[in-house]
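>>> one predicted model, sequence on top.
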Amino acid sequence: MSGATALSGGRRDSGIAAARQPALYGAAAIATLLFAWWLATAVPGLVPSRVLPSPLDVVARFAALIADPFSGATLFGHALVSLQRWGIGVLVAIGLGVPLGIALAWLPPLRAVVTPAFELLRYIPPFAWVPIAVLWFGASTTTQAVIVFIAAFPACIINTQLAVSGIDPILARAARTLGAGSATTLARVVLPVAAPTIFTGLRIAFSNGWMALVGAELVVGKQGLGFLISQGQINDSAATILVGMTTIGVLGTLIDIVLQRAQRLALPWRTDSVRPAE
Amino acid sequence: MIPKMEIRGVSKTFHARGGTVAALEPCDLAVAAGEFVTVVGPSGCGKSTLMMIAAGLEAPSTGEILVDGKPAGPAGPRRTVVFQRFALFPSETVAENIAFGLRVAKVARAEIDQRVAEQLALMGLDRFRDAYPHELSGGMQQRVAIARALVVRPDILLMDEPFGALDAQTRTVLQEEVSRLQRELHYTVLFITHSVEEAVYLSDRVVVMSKGPGRIKREIAVPRDAEWRGFEIEESGTHASFMQTKREIWELIRAEIVRQ
């Protein structure tokens, strides 16, 4: 779920048939990767299992982590905790970032006031906030959610602002000559047109938040997927680490797929692909 | 008789570095009910500025716009605009675009449906009612924009170079269609163009503007009963009276371009 891959997709007309073949190649590549991994662990003496356990060991460890608690919770338990922290953080980021982005695009004076401070804060990486967040909120869900929020918020606000200010002013003028006031113009013309770019911002926000969360969990907290892999390291269990890493990757991908689907359902009139801002 | 719309002493001055630039000297122009008035002029003569002021989308530096003898106030559905770049709402279907002004005015659902259906039929858009703008050709998009502006029954329809972004064939078809609508339904129209032929073909009166700063130079009446009325534009262009009027207007504009 890197920035680049998260942003592909969007054309509808090219269709499912055309997408099927690349999907097949993609599956083949993953299979090849898995095979190479297995081969590396199957040749005796090539890679010690302490460094890289075989795929089968990881599957076994996966089953064990689902069945029995490890470091305080089962795999599901850790995943649920992570998802909850992430969900709170991104929801707050969206709830504040989208309206604020609209306001910044529509009210130039507000933009002049807010932008410099925002730009300054934006270049403080989410992880640099971890120590102060711990001081303020302790090793709590709040701390983790705050880190998610800090990682997700800029993408929400920046893309919303770009989306709204990038709309051809002639559309608002046309709406005015047809009798629409500001609120109607915003709701019926501006937001629908801005929605695809806002959606792109949300996708970036979701993935940024997810990645920051796992990082924060490595450092602080007693539960979560990041905590799980750090415990794997302490317990010298590479299999546990790999299970955690895979779960993080798969969940991240699923989140993005769900949002892509939602975007397609919500914006049936959209054909061209979306240009991201960050 | 009170004109449907009156542009009275309207001027526009822009503030530039180190002073002011007069874009438009005070202009007076009246459009009677059912009259089709076209403004032509070289680029930079301020005709689009005049149009935006007439629409209420820009404020004049002096003067005022009157509709039925009263100040027209801010932009609104009594003066609808057809823009050169269509300005359709991309997230709405053809029918939704056309219904926009009626929905804003909270017209009853049944009446909206009926009036939108009328416009779709009038503009030959029935087959496209559920299409999105990006699925239509430029000509079809501009038909939707015209329908959207007409459906609210404006006092005056303002058309800002509406065919300027269309290819030649499409433009011809739409010119003939607007001419037919005008002869049948007698809308009140203020139309901006840089095509002299288009101006003569569509109008009851052609207003020629000059530039530097923009002002109204001359008004030329085009008789409604001219013998070429009702013909296709190419056919009309072969009539002596059409060519005569066209030449007269063109000489006025040529003088402006040469003047530089």
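Nice, thanks for sending it over.
>>> ok, now which ones touch the residue in the stretch 151-260 of chain B that chain A sits nearest to?
Nearest residue of the stretch 151-260 of chain B to chain A (Cβ to the nearest Cβ) works out as B:Val152 at 6.6 Å. Glycine gets a C-beta too; all of them are placed from N, C-alpha and C. The contact partners of B:Val152, taken as Cβ atoms under 8 Å, 6 or more residues apart in numbering or on different chains, are A:178-179, B:77, B:80, B:101-102, B:105.
>>> any idea how far apart the tips of stretch B:224-239 sit?
Chord length of stretch B:224-239, first to last residue, is 15 Å (Cα to Cα, to the nearest Å).
>>> buried residues, that stretch. List them.
For stretch B:224-239, the buried set under the neighbour-count rule, 16 or more other Cβ atoms under 10 Å in any protein chain shown, comprises B:228, B:231, B:233, B:236.
>>> and the first one, helix, strand or coil?
Spelled out, that is B:Trp228. Counting by DSSP: H, G, I helix; E, B strand; the rest coil, the backbone at B:Trp228 sits in coil.
>>> can you give me the helices in chain A?
A:3-6, A:15-42, A:55-67, A:75-106, A:108-122, A:130-137, A:141-165, A:169-177, A:182-185, A:191-219, A:225-234, A:238-266 (DSSP state H).
>>> can you put the ones you listed in TSV and add mean pLDDT, distance to chain B and mean neighbour count?
As requested, the helices of chain A are exported to TSV (pLDDT from 0 to 100; distance: least, Cβ to the nearest Cβ, whole Å; neighbours: other Cβ atoms under 10 Å in any protein chain shown):
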stretch	mean pLDDT	distance to chain B	mean neighbour count
helix A:3-6	39	24	13
helix A:15-42	84	16	11
helix A:55-67	92	44	16
helix A:75-106	95	16	20
helix A:108-122	89	18	12
helix A:130-137	93	40	15
helix A:141-165	94	13	25
helix A:169-177	95	4	20
helix A:182-185	91	6	14
helix A:191-219	92	3	23
helix A:225-234	94	38	21
helix A:238-266	91	11	17
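>>> part of a strand, is B:Pro26?
Yes - assessed by three-state DSSP, B:Pro26 belongs to a strand.
>>> okay, now it: neighbour count?
For B:Pro26, the count of nearby residues is 17 (other Cβ atoms under 10 Å in any protein chain shown).
>>> how about the residue nearest to A:Leu75 when sequence neighbours are not counted, what does it touch?
The shortest distance from A:Leu75 to any non-neighbouring residue, by Cβ to Cβ, 6 or more residues apart in numbering or on different chains, is to A:Leu65 (4.0 Å). Neighbouring residues of A:Leu65 by Cβ under 8 Å, 6+ apart: A:74-75, A:228, A:240, A:243.
>>> hmm, try it at 7 Å
A:74-75, A:240, A:243 (Cβ atoms under 7 Å, 6 or more residues apart in numbering or on different chains).
>>> what's the spacing between B:Gly56 and B:Arg8?
Distance from B:Gly56 to B:Arg8, counting by Cβ to Cβ, to the nearest Å: 14 Å.
>>> who's more crowded, those two?
B:Gly56 (20 against 17).
>>> can you show me the CA trace of stretch A:124-134 as PDB?
Presented in PDB, the C-alpha positions along stretch A:124-134 are these (Å, rounded to 0.1, in the frame of the first residue of the first chain):
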ATOM      1  CA  ILE A 124       7.000  17.400  11.700                       C
ATOM      2  CA  PRO A 125       6.800  13.700  11.000                       C
ATOM      3  CA  PRO A 126       4.100  11.700  12.900                       C
ATOM      4  CA  PHE A 127       6.700   9.700  14.800                       C
ATOM      5  CA  ALA A 128       8.200  12.900  16.200                       C
ATOM      6  CA  TRP A 129       4.900  13.400  18.000                       C
ATOM      7  CA  VAL A 130       5.100  10.100  19.800                       C
ATOM      8  CA  PRO A 131       7.100  11.300  22.900                       C
ATOM      9  CA  ILE A 132       4.900  14.300  23.500                       C
ATOM     10  CA  ALA A 133       1.700  12.300  22.800                       C
ATOM     11  CA  VAL A 134       2.800   9.800  25.500                       C
END
